[in-house]
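Visitor: Okay, sequence plus prediction incoming.
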Amino acid sequence: MLLRHLLFYATLFIATHAHALSADEVKGIIFGETDTRVEALNKAALTADEKTVAFIQALSDDAVKTSGDKVFVVKDDKAFDPVTGAEQPLPPDAEDVINPNMMRSELDNALAALKLLSKDEQLRREAIKTLGSDSDEARLPLIEKAYAAETVPALKDQLEMMRAAILLGSSDKAKRLEAAGLLSASKNPATKTVLIERLGTELDADVKVALQAALAKVEASLAWGDKLGAIFSGISLGSILLLVALGLAITYGLMGVINMAHGELMMIGAYATYVVQGLFQKYLPGAFDWYLLAAVPVAFLASALMGAVLERSVIRFLYGRPLETLLATWGISLMLQQLVRTIFGAQNVGVENPVWMSGGVQVLGNLSLPYNRLVIIGFAIAVLLGMGWLIGKTRLGLFVRGVTQNRPIASCMGVNTARIDTYAFALGSGIAGLAGCALSQVGNVGPDLGQGYIVDAFMVVVLGGVGQLAGTVYAAMGLGILNKFLEGWTGAVLAKIAVLVFIIIFIQKRPQGIFAMKGRSAEA
Amino acid sequence: AEDTIKVGILHSLSGTMAISETVLKDTVLMAIDEINAKGGVMGKKLEPVVVDPASNWPLFAEKTKQLLGQDKVAVIFGCWTSVSRKSVLPVVEEMNGLLFYPVQYEGEELSKNVFYTGAAPNQQAIPAVDYLMSKAGGGAKRWVLLGTDYVYPRTTNKILRAYLKSKGVADKDIDEKYTPFGHSDYQTIVADVKKFSQGGKTAVVSTINGDSNVPFYKELGNAGLKAKDVPVVAFSVGEEELRGVDTKPLVGHLAAWNYFMSIKNPTNTEFINKWSAYAKAKGIAGHKDKPLTNDPMEATYIGINMWKQAVEKAKSTDTDKVIAAMAGQTFKAPSGILSKMDEKNHHLHKSVFIGEIKADGQFNVVWKTPGPVKAKPWSPYIEGNASKPDEPVKGMSVVKK
Amino acid sequence: MTPDLLEEGARRVQEHQALVARQNNTASGGRNASTGRIATPGEVDVTHGRILYLQDVSVSFDGFKAINKLSLDIAPGELRCIIGPNGAGKTTMMDIITGKTRPDEGTVFFGSTIDLLRHKEAEIAQLGIGRKFQKPTVFEQLTVFENLELALKTNKGVKASMFFRLDSLQSDRLAEILVTIHLADSVNRLAGNLSHGQKQWLEIGMLLMQDPKLLLLDEPVAGMTDEETARTAELFLTLKGKHSLMVVEHDMSFIRTISEIVTVLCDGSVLAQGTLDQVQADERVIEVYLGR
Amino acid sequence: MSTPFPTINESLLAEQGMEPTRVASVAAPVADRPTAPPTGRVELPGKGPLLTRSGWSAFVIALIVVCAVAPMLNLWVPEGHALHLSTYAVALLGKIMCYAICALAMDLIWGYTGILSLGHGVFFALGGYTMGMYLMRQIGADGNYKSNLPDFMVFLDWKELPWHWTFSDSFVATLILIVAVPGVVAFVFGYFAFRSRIKGVYFSIITQAMTFAAMLLFFRNETGFGGNNGFTDFKRILDIPIATPSMRMTLFVMTGLTLLGFFLFAKWLVGSKFGRVLQAIRDAETRVMFSGYSPLGYKLTIWVISAVMCGVAGALYVPQVGIINPGEMSPANSIEIAIWAAVGGRASLIGPIVGAFIVNGAKSWLTVAYPEFWLYFLGALFIGVTLFLPNGVVGLVKKLRKGAEQ
Amino acid sequence: MLTVKNINQYYGGGSHILRDVSLEAHLGKVTVLLGRNGVGKTTLLKSLMGLVPIKTGSIEFDGQQIQKYTPYERARAGIGFVPQGREIFARLTVEENLRMGLAYKSASTPIPAELFELFPVLKQMLNRRGGDLSGGQQQQLAIARALAAKPKLLILDEPTEGIQPSIIKDIGRVIRMLADRGDMAILLVEQYYDFAEELADDYLVMERGEFIARGLGKNMPADGVRQMVAI
Ligand SMILES: Nc1ncnc2c1ncn2[C@@H]1O[C@H](COP(=O)(O)OP(=O)(O)OP(=O)(O)O)[C@@H](O)[C@H]1O
Ligand SMILES: Nc1ncnc2c1ncn2[C@@H]1O[C@H](COP(=O)(O)OP(=O)(O)OP(=O)(O)O)[C@@H](O)[C@H]1O
Ligand SMILES: NC(N)=O
Ligand SMILES: [Mg+2]
Ligand SMILES: [Mg+2]
């Protein structure tokens, strides 16, 4: 970020009639009602020089403080006078300048407008994006200038769209018609807003027709993004359901423990992530962005360890009595929740997305795929593959399956069943911990975290067919996509009800889940 | 037992509501410590009786019976959700107890035995919408009313819809959406809001409650829905709720409350300091490292102090006498006003503040009412309320022993 | 199909055609008053001399043909032994008869009127087909007494069972069977605590209580001592005549004691059929089953 | 060839008062000489009495406590007296007795038939809502809005009662519906589920889905059951004020009688052959089918009976606790019912009742005594019971008693 | 090889099943244990495997006192077990079942090819789930599984139950061959008298938890063992 800004100052094209930032301008921008501040800002921006730009940038970065009627720009714990640039002592009573939404939006626009003429293509691109939805007529000359100077075809097209959006408000009918024609090729959702707004005020019938035609075209090209977006959110929800269910697919699906504490094991994973975050903040602030990578194994181990302890102390006495495990693990879940309340408090704790997980890739004008969702989908796939390999292809996996099917005989084959049981339960718990780590990136981290997902987790495992890994995957994805599809149609509440009803009906058709085991081995 | 006055504390310490309510229990305990340190009430020490209704609504009623019937408490501070209050209400009325309810709620209720120290809809929702419609607030023309599917959001949105209509907003420009309790996947909702906002300047009024807020805000951040494009004003999100959220992408989104921790005045500074010290001393998890105050805490604090004053004025803890003495009580509130209990309607007069979220999880106050607003528990935007008296109706066919 | 089956089939076709021809000659258009019978629903009709009749039955699991165009029939009162290599499809055949497995194709008739493929397990049991599983299955959490009581032939509807009381006739029968199966001293023990062989006996006892017309016995003497095997053989012989039995066993000496006709199954269809001596002499049977 | 059926002297088959042991892990007396030759005389266990002698005495005592002692201690012994039974205690006991009915119902379906329902809360709530609707109508025009419609309907701008409120003003209809609504819902749900042979956890999970879906449905205001707030602020029942000591006592006594009645009924049911078929279904359903029983009818019957019992419990619960809302249908509530049964001891009838009292009593006490720590105690109780008392508290008592006898 | 001294065993309810049972099994010898249903044969074998706890008595195997060992330690010490009622892993494939038999061997140990010569059907059904096999096929699998790890002591509980005659003969041959190789002791519980007599080097007859007769296999007819088992 910082480098980018330096570059920006260095390459900024300074308007010929630029003049130095005055103390009055500064005061006008800082003090008073938002309206007058905006006015002062726009005035100053028209004749901006380097200092003005630096000042606007600082204001936008919340790096400006005031004390009485004095204004300071704060940088690296030092305060400077915005006009002279001289370093000044910062009075202890200095207060932040408050920029409400409106002001902040104007600041961004002003900066963007100034960057439109930058030599750096990346900066111009950003500027165009920021200004995208703004159709302020006052900016027309600037945009035309930028349009004339632009050499990159894609950016030139976008500038033309911006110009057209402004021209839509022109008093010249021909220009409006032309603008409408141009805009119909846009794939930008902001264009839709502009067109709708213009439609509301347009009086000329011809222009109205043109506007409507343009609007229809724009909406048609946006429809794709909406559809893909819905599918993506279905997959994304599915990946979360999958993560949440995978651990349970082991502890419950394979081992037959009706593990009501599964949610709490996820919660432990999430809190472990929180603790790692805290440690990074304290001891490794420089590497903070990578705390999540460290949190993954920690979350796994924390939950796995807890799982191992539970298995050794409680669960192992209950094999072959599945319904008793329900009761005991319910008790465990109550205790773990309260334990977390005692240690971390009843409130949620904050877990931040690392910078590389914020934001997203813009795929279409109205479809951007958030990084954290993409990462979680990838993570779910990785966990799934890892677990599939471990269970299906390794000796450990073979032992786990053997032991869970017939404990005494497995031990007669020379398998240390107690140890395998502990490993298996710890593995399932560890995977729950991984799920918790992932969930910390999209939802709450609090004592109730587990309760919110436990029902879903069981539904997924059971719908897929107990003990069927592949079924779990299908069930998670199916429910995720079905849920999102219905949600767009009926709203979230009815969608959730419909999904539950769907599960009930589906099980009637397939009483053993999607991947029912067939034949006699199912009864054995 | 004669030298103490028992005070019931009825907040969930476990279950789903513990997230919000636990801290209110501690607030009452802090206030009690403070009052006792100053010599108690009428020379008697206050003795807290803490119970855990465990986010279970019938249990609220049962515990109330116990507090009033067995423990003979003089007053109860408690409840958060409206349904818990509704569950407790018949019991306090029958047993003629006294309940102080500290959370903003939907109105449509006025009981002689309850003092409502949180906001009624006109003390929170309506001013917030006014602000968003104003030029400074962005001049919103389209509205998404988004809430958790239960009575408080439904009622508030009903009032808001009527209000917006009265301001000339067409039905097609209002989108009302609900999610189930504990909903955690807001992708579709946020995508819908985004789409809706393409039709013109849009603001979102969020009455999402409790746990769903974190995933909602995280999704807003992910989807790049910035406050300057589509501002979201929330009525159930305060400092405590933001504790669990990465606020950087949320800067500029709003909340409407009658108190913010960031309000600068000596009373508030003192309040925050007191709380910080108390949280440290008692090792209250979370708060001992990062003490936070919020609106319901302030409302609780005002409530107990006003009750103390009323008892002293009435020279008795007798419910009816205290009720009478409560009318018109004032207290210097941390929000910076001289808070006053209405003479008649059992609600506080409150200033309304609109705050924008800052990167540190606190709020910038960007707008406030010129002075305290009197509560209208019976919203005029709901049919049939016009004729309602602005005070509890006495003698509601309750049979006394 | 084996030659003798073919013959048998041909004989029956001829008989049937002759019957049709005869009937068509009557004045009543084939409805011959004297031979006309009313098929009572639920009652097995064995007037055609067959109590169980399977034709061209096939079933496959994931592409593996466990039963392959199997045709077989059993006469009322007959004791039929079925032998065949492990995996020949004997148990699967019983699964099909009792409604546990649906065949892919073919017909299965109980008597000449009841299409078993249209009935559920419980109905088939009520029609009069009892089964002993290869792996003894009893109600482990109930006592021996209760196991037998439940099996007792009586109205098995919900309401009837609520008001059920054992009458003295039934008590006698129960007591008799308890003695027969050597569990008289264990009336009050939980069936789950019995040894393997005791469970075998208990299951046979339950079958006797059920008093079915057709008994399907899947390896009934597995795990029994020779003495008990002999007793079982005796028991089966007394049942013969009144009941029809289909016994699957690998114990040749047992088969020898009880058998008239032995059917050899292999790879899901009939390999040979005849007296034990006949099939024991059959090279193919020696090859796949008996060994040298 | 000797006959395999030796004839047996009839007189030797005299009825013995022995009751067959049916509880799984309480081992039956094992004959030390398992293969002793048949003696020729067989002692068949006779049909045991409904309750043993001491069982009847205990029952009668319970009856007296519920119908006479409790009312006396509550209404006549003055407040402040050491023996006074407080209103709070009456309410608490009344509530727990309702829960005990649920636990008993759960035991029939889970303990005896092996079908774990994680959705019994829905039947409880349906009974409760049915009663609640009647109580709402009894408020008449005394509500906030002075309308004949319940307040929440006025608030939703509804002008008339929706169809499903049609019979809510008739007490008789309400009584019928309390049985019919949970019964019909259970019947339809159970018919399809059992017909499809849904078993084990698959069944448990769809019952959970059912209660979860019902909860979300009832949360919606439009569904017409008062949304999240549900029904509260009841004023009268049969036009008699509800918040009076005598009315409360009446409800208490009725609950007690219902519980005792259901107990006897359940005892009779599981003692009959019907009950044994249920247990047989639990242990080996295929064998049951091959013995000629159609499990569908049996499962459905006990499922509906169990649901109706829960519904009745719900109907008794609502006037006593004064509120019914969709929270009763939350999956956790249904799980709790199963937990009461397990704590007390499954497949013992008295166990679940004891379990309901222990768990809820502990909860009520601990939430006051240790508001911050009670979950640890409760959690530990559940774990402890499973680990050390596999047959629940009742199993322990039986064991101790057996030990004492020897 | 195996020396069992004075084992007493009780089931949970307190019933005394094994009463002072002592026996020996030697390398290269087949020891056959006979007895009617319910006398405690399976219980004895389970006690040897450690599947049911014994109250008193000692078990010495290959020079170690193993009565305190867990079942898997006994397996690792070299005891292979074919349980009554097959007890294969129903949801593992045939191959995986055999691999379970190799559990305590190193991961790269191949499944001995001779098993497939012995039981060709297993090779054919390598990828079928154990539970889908026919009863006799399962029994063959159970035996193969126990042989996979080449144990020093092989315990078989009614291995011929449900198996077709030709394979019984094969199994008999195998047992003989294994014993004759001299590196394995075999303890066989059998109801099928002729089979038992043919194989027995030593025999034991059990009645109500006690041995009522023992001797050399070749003396079985002379000792009237057949009658003992038949009441
Ligand atoms: N559900 C199934 N899936 C796959 N294969 C199956 C299934 N059921 C049976 N089979 C196969 O069908 C064949 C016939 O099995 P069946 O149990 O009927 O044999 P059987 O004649 O009873 O043998 P045995 O004498 O060993 O009991 C076997 O090869 C078995 O592996
Ligand atoms: N888990 C158990 N609990 C109580 N008693 C049992 C248990 N298992 C077996 N028994 C009893 O112990 C006795 C011995 O049983 P065991 O299984 O050892 O007999 P067995 O000699 O192997 O008989 P079989 O030839 O029928 O297999 C029997 O009377 C049986 O009922
Ligand atoms: N009153 C509320 N926020 O439920
Ligand atoms: Mg078979
Ligand atoms: Mg045995």
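Guide: Received it, and whenever you're ready, just let me know what you need. Ligands and ions are numbered 1, 2, ... in the order given.

Visitor: I'd assumed E:Leu187 was in a helix, is it?
Guide: No - residue state for E:Leu187 (DSSP: H, G, I helix; E, B strand; the rest coil) corresponds to strand; a helix is not indicated.

Visitor: Report how many residues lie close to it.
Guide: Using other Cβ atoms under 10 Å in any protein chain shown, E:Leu187 is surrounded by 27 other residues. Heads up, the C-betas are built off the backbone N, CA and C, glycines and all.

Visitor: For ligand 4, give me its nearest residue in the stretch 151-292 of chain C.
Guide: Evaluated by Cβ to the ion, the stretch 151-292 of chain C has C:Asp218 as its residue closest to ligand 4, separated by 5.8 Å.

Visitor: Just give the nearest non-adjacent residue to that residue, would you?
Guide: Counting by Cβ to Cβ, 6 or more residues apart in numbering or on different chains, C:Asp218 lies nearest to C:Gln134, which is 4.2 Å off, once chain neighbours are set aside.

Visitor: Check A:Gln405 too.
Guide: In space, not counting the residues next to it along the chain, A:Gln405 is nearest to E:Phe89; the distance is 4.9 Å by Cβ to Cβ, 6+ apart.

Visitor: surely the one you found meets A:Val403?
Guide: No - with contact defined as Cβ atoms under 8 Å, E:Phe89 does not count as touching A:Val403 (9.4 Å).

Visitor: Report the set of residues contacting both of the two.
Guide: Where contact means Cβ atoms under 8 Å, 6 or more residues apart in numbering or on different chains, the residues bridging E:Phe89 and A:Val403 through contact with each are A:Ala410.

Visitor: Could I get the full set of helices for the stretch 151-300 of chain A?
Guide: All helices of the stretch 151-300 of chain A, identified by DSSP state H, counting those that start in this stretch, fall at A:153-167, A:173-183, A:189-201, A:205-248, A:262-283, A:291-313.

Visitor: Out of these, the one nearest ligand 5 is which?
Guide: Of all those, it is helix A:291-313 that lies closest to ligand 5, at 32.4 Å by Cβ to the ion.

Visitor: orientation of the closest one relative to helix A:205-248 in degrees?
Guide: Using axes from the mean of the first three to the mean of the last three Cα atoms, to 10 degrees, one finds that helix A:291-313 and helix A:205-248 are set 40 degrees apart in direction.

Visitor: helices or strands next to helix A:291-313 in the packing?
Guide: Secondary-structure packing of helix A:291-313 (3 or more Cβ pairs under 8 Å, 6 or more residues apart in numbering or on different chains; DSSP states H and E): helix A:262-283, helix A:322-344, helix A:417-439.

Visitor: now that helix and helix A:417-439, what's the angle there?
Guide: 150 degrees.

Visitor: In helix A:291-313, which residues are buried?
Guide: Buried residues in helix A:291-313, defined by neighbour count with 16 or more other Cβ atoms under 10 Å in any protein chain shown: A:291-292, A:294-300, A:302-308, A:310-311.

Visitor: One more: stretch D:221-238?
Guide: Buried residues in stretch D:221-238 (16+ other Cβ under 10 Å): D:221, D:224-237.

Visitor: of all the residues you listed, which comes closest to A:Gln337?
Guide: Within those, distances to A:Gln337 taken as Cβ to Cβ reach their minimum at D:Asn228, with 22.8 Å.

Visitor: And what about the nearest residue to D:Arg346 once chain neighbours are set aside, helix, strand or coil?
Guide: The shortest distance from D:Arg346 to any residue that is not its chain neighbour, by Cβ to Cβ, 6+ apart, is 3.6 Å, and that residue is D:Gly111. For D:Gly111, the secondary structure call by three-state DSSP comes out as helix.

Visitor: Is it correct that D:Gly111 is in contact with D:Ile350?
Guide: No - under the criterion of Cβ under 8 Å, D:Gly111 lies out of contact with D:Ile350, with a separation of 11.3 Å.

Visitor: Which of those two has more residues huddled nearby?
Guide: Remark: of D:Gly111 and D:Ile350, D:Gly111 carries more neighbours, 30 against 20, as counted by other Cβ under 10 Å.

Visitor: check contacts around the more buried one.
Guide: Residues counted as contacts of D:Gly111 (Cβ under 8 Å, 6+ apart) are D:341, D:346-348, D:351-352.

Visitor: so what pLDDT did it get?
Guide: The predicted local confidence for D:Gly111 comes out at a pLDDT of 92.

Visitor: residues near the closest residue to ligand 3 within chain E, how many?
Guide: Minimum separation of chain E from ligand 3 (Cβ to the nearest ligand atom) falls at E:Arg91, amounting to 49.9 Å. Using other Cβ under 10 Å, E:Arg91 is surrounded by 21 other residues.

Visitor: same check, this time on C:Thr229
Guide: Look at C:Thr229: counted by other Cβ under 10 Å, it has 23 neighbours.

Visitor: and if you look at the one 4 residues further on?
Guide: Other residues near C:Ala233 come to 20 when the count uses other Cβ under 10 Å.

Visitor: Give me the spatial nearest neighbour of it, chain neighbours excluded.
Guide: The shortest distance from C:Ala233 to any residue that is not its chain neighbour, by Cβ to Cβ, 6+ apart, is 4.2 Å, and that residue is C:Thr257.

Visitor: now D:Ser117
Guide: Once its chain neighbours are removed from consideration, D:Ser117 has its nearest residue in D:Thr207; the separation is 4.8 Å (Cβ to Cβ, 6+ apart).

Visitor: same thing with D:Phe234?
Guide: Computed as Cβ to Cβ, 6+ apart, the closest residue to D:Phe234 that is not its neighbour in sequence is D:Leu135, at 4.1 Å.

Visitor: in a helix, that's where the one you found is, yeah?
Guide: Yes - when three-state DSSP is applied, D:Leu135 is found to be in a helix.

Visitor: my guess is it meets D:Tyr317, correct?
Guide: No - under the contact definition of Cβ under 8 Å, D:Leu135 does not touch D:Tyr317, with a separation of 11.8 Å.

Visitor: which of these two has more neighbours?
Guide: Counting neighbours by other Cβ under 10 Å for D:Leu135 and for D:Tyr317 shows that D:Tyr317 has the greater number, 29 against 25.

Visitor: And that one, how far from B:Ser14?
Guide: In this structure, D:Tyr317 lies at 22 Å from B:Ser14, with Cβ to Cβ, to the nearest Å as the measure.

Visitor: which parts of chain E sit against chain A?
Guide: With the criterion set to Cβ under 8 Å from any Cβ of the partner chain, chain E comes near chain A through E:49-51, E:70-72, E:74-76, E:81, E:83, E:87, E:89-92, E:96, E:99-101, E:103-104, E:107, E:129-132, E:145, E:149.

Visitor: ok, of the residues you listed, which come out buried?
Guide: Using 16+ other Cβ under 10 Å as the burial test, the residues of chain E next to chain A include E:49-51, E:70-72, E:74-76, E:81, E:83, E:87, E:89-92, E:96, E:99-101, E:103-104, E:129-132, E:145, E:149 as buried.

Visitor: what is the rounded mean pLDDT of the helix or strand harbouring D:Leu251?
Guide: Secondary-structure element containing D:Leu251, defined by DSSP states H and E: helix D:245-271. When pLDDT is averaged along helix D:245-271, the result is 95.
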